[in-house]
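Peer 1: Sequence and predicted structure are below.
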Amino acid sequence: TDMTLFAQDRELRYLWLFNAEDSWLSSAHNGDTDYDFMPGAAAEKSVSIKQDILRTQKPARFELPILSGESMRWFDIRVDVDRDDSGEIIGIIGTSLEITEQKRREDTLKTLLREVSHRSKNLLAIIQSLASQTARHSLTVPEFLIRFRGRIQSLSSSQDIVTDTDWRGADLFGLITLQVERYAPDGMDQIQFDGVDVYLSPTAALHVGLALHELAVNAASYGSLSVPGGRVAIRSRLDIRNGLTQLLLEWEESRGPRVRVDHDPRFGTSTLERIVPNSVGGDAELDYRPDGLQYRLRIPSNQFEVIAGS
C-alpha cells in the first residue's frame with residue numbers, strides 16, 4: 001500500500017511508524033516530535049492541528065506540503081484520537097497518503113481554466129467589435145445579419161483549427177484554404193498560394209482568418225472571384241523592417257472586373273485596415289487598383305513561427 005500509518009502519545013512523540021520509507025516521515029524515529037525532522041512552518045502546522053484534536057477529541061484531515069529538493073510534495077493526512085481499552089485518550093493515530101500528482105493535475109486544470117477564460121474574453125471582445133463595425137456600415141437589419149453571420153462563421157472556422165492544434169495556432173496555408181476556397185467557383189484552382197508557410201498564434205489566426213474572409217467575400221461579390229477565370233494570388237514572405245523580422249502577407253486580384261473608383265464604402269475597410277493589424281500588432285495597406293484589389297498585412301514575429309521545411 002502507498003499509505004503510511006503512525007501513532008503518537010499525548011506529548012506528540014512518535015510511538016511507531018509503518019510504511020514511512022517514502023513519505024514525509026522517512027527520517028522520523030520513535031520518540032521524535034514533528035519539530036525534530038520537519039521544516040519549521042510545516043511542523044508548526046502539524047503540531048497545532050494535532051493539539052486541537054487532543055483538545056476537542058474530534059478527527060481532522062489536512063494537506064501537508066513538504067519541500068523535497070527543488071519540488072514540493074503534498075500529503076493528505078487524517079488524524080484521530082487514540083484510546084486504550086478503558087476509553088482513555090493515550091495519544092493520536094493517523095494515516096498519510098501522497099497526493100502530489102493529484103495536486104499537479106489540479107494546478108494544471110486551474111491553469112487551463114484560466115487560459116480558457118482569458119481566450120473566451122478575447123473572443124467576446126472581437127465579436128463585440130465586429131458587431132459594432134458591422135452595424136455602423138449596414139443600412140438595414142437584413143444586411144447587418146448577413147454580414148455579421150458571415151464574420152461569426154469565419155471566426156468559428158478559424159477557432160476550429162486553433163482548437164484542433166491544442167491552442168498552438170493555425171498554419172497559414174490551411175487557414176487560406178478554409179476561408180477562401182468556399183467563395184471561389186473553381187475552388188483552389190483560382191487561388192495561387194506562394195511563399196513561406198507559418199504557424200500563426202491563436203490571436204493572429206483568428207484575425208488573419210477574418211481578413212481573408214473579408215477579402216474573399218468582396219472578391220466573390222465584386223472582384224476576381226465573381227467571374228470565370230478570375231485569379232487571386234496570395235503570397236507570404238519574411239521581411240526585415242527596422243531590424244525586426246515580419247511576415248508580409250499579400251493578396252492580389254487579377255482577371256476580374258475593373259475596380260470602380262467609387263467602391264462600396266461599406267466593404268470591410270475598417271476590419272482590414274484597423275481591427276486586424278491593430279490586433280496582431282502590425283500594419284496593413286489596402287489598394288484599389290483598376291486591375292484588381294491589393295492588400296498587404298505585416299505581422300510581427302511574436303505572432304508566428306515558421307514551419308520547418310517550408
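Peer 2: Perfect, thanks for sending it.
Peer 1: How is this structure divided into domains?
Peer 2: If you go by the TED database, the domain ranges for the chain are 4-101, 155-306.
Peer 1: what separates Val180 from Ala233, distance-wise?
Peer 2: Computed with CB to CB, to the nearest Å, the distance linking Val180 and Ala233 is 12 Å. All C-beta atoms are positioned from the backbone trio N, CA, C, and that covers glycine.
Peer 1: got it, and His207?
Peer 2: In this view, His207 and Ala233 are 21 Å apart by CB to CB.
Peer 1: neighbour-wise, which of those two wins?
Peer 2: Under the criterion of other CB atoms under 10 Å, the comparison of His207 against Ala233 puts His207 first, with 26 against 16.
Peer 1: A helix includes that one, no?
Peer 2: Yes - secondary structure assignment places His207 in a helix (DSSP: H, G, I helix; E, B strand; the rest coil).
Peer 1: Give me the buried positions along the helix of greatest length in the chain.
Peer 2: Among the elements of type helix in the chain, defined by DSSP state H, the one spanning the most residues is helix 100-136. By neighbour count with 16 or more other CB atoms under 10 Å, helix 100-136 contains the buried residues 103, 119, 123, 126, 129-130, 133-134.
Peer 1: by contact count, what packs against the following helix or strand past it?
Peer 2: Beyond helix 100-136 on the C-terminal side, the first helix or strand identified by DSSP states H and E is helix 141-164. Identification of packing neighbours for helix 141-164 by 3 or more CB pairs under 8 Å, 6 or more residues apart in numbering; DSSP states H and E yields helix 100-136, strand 170-171, helix 172-180, helix 202-221.
Peer 1: Go through helix 141-164 and flag the buried ones.
Peer 2: Of all the residues in helix 141-164, those buried under the rule 16+ other CB under 10 Å are 144, 147-148, 150-151, 154-155, 157-159, 161-162.
Peer 1: Please apply the same query to stretch 72-87.
Peer 2: Judged by neighbour count (16+ other CB under 10 Å), stretch 72-87 contains these buried residues: 73-77, 79, 81-82.
Peer 1: where does the stretch 1-150 of the chain dip in pLDDT?
Peer 2: 119 (pLDDT under 70).
Peer 1: re the thing from before, out of the buried residues of stretch 72-87, which is nearest to Val47?
Peer 2: The closest of the buried residues of stretch 72-87 to Val47 turns out to be Val79 (CB to CB; 11.3 Å).
Peer 1: Report the two of the buried residues of stretch 72-87 separated the most.
Peer 2: When these are compared pair by pair using CB to CB, the farthest-apart members prove to be Arg73 and Val81, with a separation of 26.8 Å.
Peer 1: so which helix or strand takes in Leu97?
Peer 2: Per DSSP H and E, Leu97 falls inside strand 89-98.
Peer 1: Can I get that strand as CSV, trimmed to CA atoms?
Peer 2: Written as CSV, here are the backbone C-alpha positions of strand 89-98 (Å, rounded to 0.1, in the frame of the first residue of the first chain):
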residue,chain,number,x,y,z
ILE,A,89,-7.1,9.0,25.4
ILE,A,90,-3.4,7.9,25.1
GLY,A,91,-2.4,10.0,22.0
ILE,A,92,-3.3,10.2,18.4
ILE,A,93,-3.3,7.8,15.4
GLY,A,94,-3.1,8.8,11.8
THR,A,95,-2.7,7.9,8.1
SER,A,96,-0.8,9.7,5.4
LEU,A,97,-1.2,9.3,1.6
GLU,A,98,0.8,11.2,-1.0
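Peer 1: May I have the strands that pair with that strand, each with its orientation?
Peer 2: If you go by DSSP bridges, strand 89-98 pairs up with strand 4-9 (antiparallel), strand 71-83 (antiparallel).
Peer 1: With distance to Glu63 added, can I get those in CSV?
Peer 2: As requested, those are exported to CSV (distance: least, CB to CB, whole Å):
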stretch, distance to Glu63
strand 4-9, 15
strand 71-83, 6
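Peer 1: Can you name the residues bridging to Met72?
Peer 2: When bridges are called by DSSP bridges, Met72 pairs up with Leu67.
Peer 1: Give me the buried positions along stretch 194-208.
Peer 2: Going by neighbour count (16+ other CB under 10 Å), the buried part of stretch 194-208 is 195-208.
Peer 1: rewinding a little: out of the buried residues of helix 100-136, who's nearest Leu248?
Peer 2: In terms of CB to CB, no member of these lies closer to Leu248 than Ile126, at 23.3 Å.
Peer 1: rewinding a little: include distance to Trp251 when you put the helices and strands packed on helix 141-164 into a markdown table, please.
Peer 2: Supplementary listing: those in a markdown table, determined by distance: least, CB to CB, whole Å:
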| stretch | distance to Trp251 |
| --- | --- |
| helix 100-136 | 20 |
| strand 170-171 | 17 |
| helix 172-180 | 9 |
| helix 202-221 | 5 |
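Peer 1: Could you say which one of these comes nearest to Thr1?
Peer 2: For the helices and strands packed on helix 141-164, distance to Thr1 was read as CB to CB. The smallest value, 16.4 Å, belongs to helix 100-136.
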